[in-house]
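> With the sequence up front, the predicted model follows.
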Amino acid sequence: MRPLVRLYFLLFLIITTGLNAQKVDNGFSEKAFYFAAWGDINQGEGKTKATIEEQKARLKRLADAGITDLLPNASTERLRELVPLAKEYGIRVHAWLWMMNIGGLEEAQKHPEWFSVNVLGQNCKEYNPYVSYYKFLSPFSEGAREFIKKRVKEKAEIPGIASVHFDYIRFVDIILGADLQKKYKHKGGPLIQDRILDEYDFGYHPNARKQFKEIFGTDPVDLEDRAENPAWQQFRMNAITSLVDDCVDICHDKGVATSAAVFPFPQLAREYVRQDWGHWKLDTFFPMAYKKDHQGNVNWVGFATKEGVRDLEKGQDLITGILTGHYGDNYSDFEQAIQLARKNGAKGISFFTANSLDDKHLSIIKKWNKTYN
């Protein structure tokens, strides 16, 4: 081979090898429509662990209805046990991993500088907005970012894992859905979020303030329109996006796909939790189209799905998430939600949770699995 030709050939190999290293199948390309569920199947009577026989029976029950994907929030040890077990029934297991809201973990508790901070200077280690388990870390803390990426890498190394599924990859809720607001108090009275309240306006970590000031010459705390300032909003969202992209690279380097539970559609996500998922290089999105949280009816599920699909890039898919409990015994609406997700471009639907699906739910899923696939 002539030297110049050899050089071009080597360059071609280097370029194509690099591209192939980043190309990962998201696992949702073979079927027309997928059925998934969050949760595990290992709970026995009371708080005991279900036997292997009980777990197999539950997996078979789900698989017979057409569910192919399970997303348990489980330890690495549990996932290593579950992956081969579920595979016997054609069910793939995804590692559902909390990302920012993990300040309650022992290692995080040692590092108060990792935590998210609101405009009042309240640290999420000591001050928990809404509920006691809201202990968000900050995407502006290098220590927190490295800790999160380490956890992602650990899950990506589990043999046979279908994806690492990011959850709570956002800031504290700036605004709750209208129905959710009714469940909480604010300073002894009802919580009314008709404007951005300082207690819930997070992202003011010292590193964030310093970096913003270096670029724009102003501490965001001093902005007259800080709650609504577009640059300050986007600056915070970009910090989450860059963390997501780093974690995607970690997973793809291991040959593992990525997915995430996100807020219902990009505009709502940006406004409510500063989550700009329309610009993430993620493989599959699971928007939580929980209609009752936002005073929506079943048509709201179709609307949220359509808005989310519109922002997808080539190679990305969307699996609409619904909360089974929002439908009660209204099986007609439950069935319609499946149809609306499909009609509006979703690649599948995911149910919260696997254990909430009764025999009627499963018969409906089985019916539409046969229809679509």
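All right, it came through fine.
> CA only for contacts and neighbour counts going forward, please
Noted.
> quick one: residue 302 and residue 338 touch, right?
No: counting by Cα atoms under 8 Å, residue 302 does not reach residue 338; the two are 9.1 Å apart.
> any idea how far residue 139 is from residue 222?
Computed as Cα to Cα, to the nearest Å, the residue 222 to residue 139 distance reads 21 Å.
> And those two? Which one has more around it.
The neighbour comparison of residue 222 against residue 139 (other Cα atoms under 10 Å) goes to residue 139, with 31 against 8.
> Correct me if wrong: the more buried one contacts residue 243.
Yes: if you go by Cα under 8 Å, residue 139 and residue 243 touch, sitting 7.0 Å apart.
> what touches both of these two?
Taking Cα atoms under 8 Å, 6 or more residues apart in numbering as the contact rule, residue 139 and residue 243 both touch residue 145.
> Tell me, how many residues neighbour residue 41?
Using other Cα under 10 Å, residue 41 has 20 neighbouring residues.
> OK, contacts around it?
Going by Cα under 8 Å, 6+ apart, residue 41 touches 50, 55, 58, 59, 354, 355.
> three-state assignment of the fourth one?
When you say that, I think you mean residue 59. Three-state assignment for residue 59 (DSSP: H, G, I helix; E, B strand; the rest coil): helix.
> confidence score at it?
Residue 59 is assigned 98 on the pLDDT scale.
> Spit out the contact partners of it.
Counted by Cα under 8 Å, 6+ apart, residue 59 has contacts 41, 86, 89, 91.
> Just the pLDDT at residue 48, thanks.
Residue-level pLDDT assigned to residue 48 equals 81.
> Can you pull the phi and psi angles for it?
Note on residue 48: its backbone torsions stand at phi -80, psi 160 [degrees, to the nearest 10].
> what about residue 184, how many neighbours?
Residue 184, neighbours per other Cα under 10 Å, totals 15.
> measure it to residue 190 for me?
In this view, residue 184 and residue 190 are 7 Å apart by Cα to Cα.
> Provide a list of residue ranges in this structure with pLDDT below threshold.
The model of the chain has pLDDT under 70 over residues 1-22, 44-46.
> Could you rerun that using 90?
Within the chain, the stretches with pLDDT under 90 are 1-23, 43-49, 178-179, 227, 295.
> can you give me the helices for it?
Using DSSP state H, the helices found in the chain span residues 3-22, 52-65, 76-87, 106-109, 142-156, 178-181, 206-216, 230-253, 266-273, 298-310, 331-343, 359-372.
> Go through those helices and pick out the most buried.
helix 298-310 (a mean of 21; mean count of other Cα atoms under 10 Å).
> Name the residues that touch that helix?
So helix 298-310 is in contact with 264-266, 278, 287, 289-291, 317-318, 320, 322, 333, 336-337, 340-341, 343-346, going by Cα under 8 Å, 6+ apart.
> picking that back up, now, which of the contacts of residue 59 sits nearest residue 131?
Nearest to residue 131, judged by Cα to Cα, of those is residue 41 at 26.6 Å.
> What residues does the residue most central in space within the chain make contact with?
Note on the chain: the residue nearest the mean C-alpha position is residue 261, at 2.3 Å, using Cα atoms, centre = their mean. Counting by Cα under 8 Å, 6+ apart, residue 261 touches 165, 166, 167, 168, 285, 286, 287, 288.
> Chain neighbours aside, what residue packs nearest to it?
residue 286 (4.7 Å; Cα to Cα, 6 or more residues apart in numbering).
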